[in-house]
Every structure is written in structure tokens, then in C-alpha cells.
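Participant: from the sequence below, what's the structure:
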Amino acid sequence: MYPGTDPYTLWRTRAWRKLLNLIDHLPQNTWYHAAVSMDVEHAMMVLEAQERAERLGQPGPPKGPGLQTWSPEVAELVGLRDDVRNQTAVIVKSNGGNAREPKPLPRPATANETARLRKRMRDHDILRRRMLPHLYADDE
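Facilitator: Presented below is the predicted three-dimensional model:
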């Protein structure tokens, strides 16, 4: 983010925004993220924020991994893992077992998918009101 920037210098000069920006952009596999994930007080604050957002009807965080950690290599590994799980289910079924079809591993969610889902729901509501006005007239 800031090549050649020394965190100590940022701390000493009280450049808080740059320092926090640097910390926020650390990779997930760092000592910092390990320490944050083990902090009970932080976990409680996150849970309270999620409950508050749920009460207010605000959307939650996107499902699946973030795009910042998603790479072509990760996409290939996830695809291979899905293939192995599907083949395992097929082998179990072909030998007389009872295996459910495995769900694919989560992929990153983007605003495009969210917008597409919202549009589909809006179109569905419009069609529902047109076809069944006697049932859904008071939804407006």
C-alpha cells in the first residue's frame, strides 16, 4: 500500500489513518489476524454488531471468501475439491450407498450477484401482483 513506509515512523508521527490502512490490508495469514481472531472482546463486539444489524434489517456480510484472497490458483483448488467430493458421492451411490449430492464450496460474492438477485425478486413481485392482484394488492 505504502512502499518503503515504516510502521514505527507512522506511529511516531501519529499518521493514524495510514497506519490503520496498512494494518487493514495485511494478509489473512499474519500474526495480527491470528491475535484478533483469538480476542474474545473483539468477538463479542462483532456478535453485538451483527445482532444490531439483524434487528435493524440491514444486510449482513457477504457469504463466501473475499475477493482479496481469491486467485486463479484458489479457484482451481476449490474446483478440484468440488470434483473430488462429487466423485466420492458417485462412488458411494454406485456401490449401493446413500450419499447426498455435495454442495459446492462457497465462491466470492460480488455486487453483481446481489443486484441480479434483487432484480429477479423485484421482477417476481411485479409478476405476482399482476397475476394475483386479489392476494397481493395490499403489498404496495
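
Participant: leaving out the residues flanking it, which one is nearest to L26?
Facilitator: Of all residues not flanking L26 in the chain, Y32 sits nearest, at 5.4 Å (CB to CB, 6 or more residues apart in numbering). C-beta: built from backbone N, CA, C; applies to glycine.

Participant: one more: R107?
Facilitator: Spatial nearest neighbour of R107, excluding adjacent residues (CB to CB, 6+ apart): G64 at 5.5 Å.

Participant: hmm, the one you found is touching T110, no?
Facilitator: No: contact between G64 and T110 fails when scored by CB atoms under 8 Å: they sit 9.6 Å apart.

Participant: what distance do you get for H134 to R128?
Facilitator: 12 Å (CB to CB, to the nearest Å).

Participant: so for those two, which sits in the more crowded spot?
Facilitator: More neighbours surround R128 than the other of H134 and R128, with 13 against 5 (other CB atoms under 10 Å).

Participant: tell me which element the more buried one falls in.
Facilitator: helix 111-131 (DSSP states H and E).

Participant: what's the average pLDDT for that helix?
Facilitator: On average, the pLDDT along helix 111-131 is 83.

Participant: what packs against it?
Facilitator: helix 133-136 (3 or more CB pairs under 8 Å, 6 or more residues apart in numbering; DSSP states H and E).

Participant: run through who's touching the longest helix that the chain contains.
Facilitator: Scanning the chain for the helix with the most residues, using DSSP state H, yields helix 72-94. Contacts of helix 72-94 with the rest of the structure, by CB atoms under 8 Å, 6 or more residues apart in numbering, involve P65, N98, A99, R100, E101, P102, P104, L105, R107.

Participant: try it again at 10 Å.
Facilitator: With contact meaning CB atoms under 10 Å, 6 or more residues apart in numbering, helix 72-94 is reached by 65, 70-71, 97-108.

Participant: that'll do, ta.
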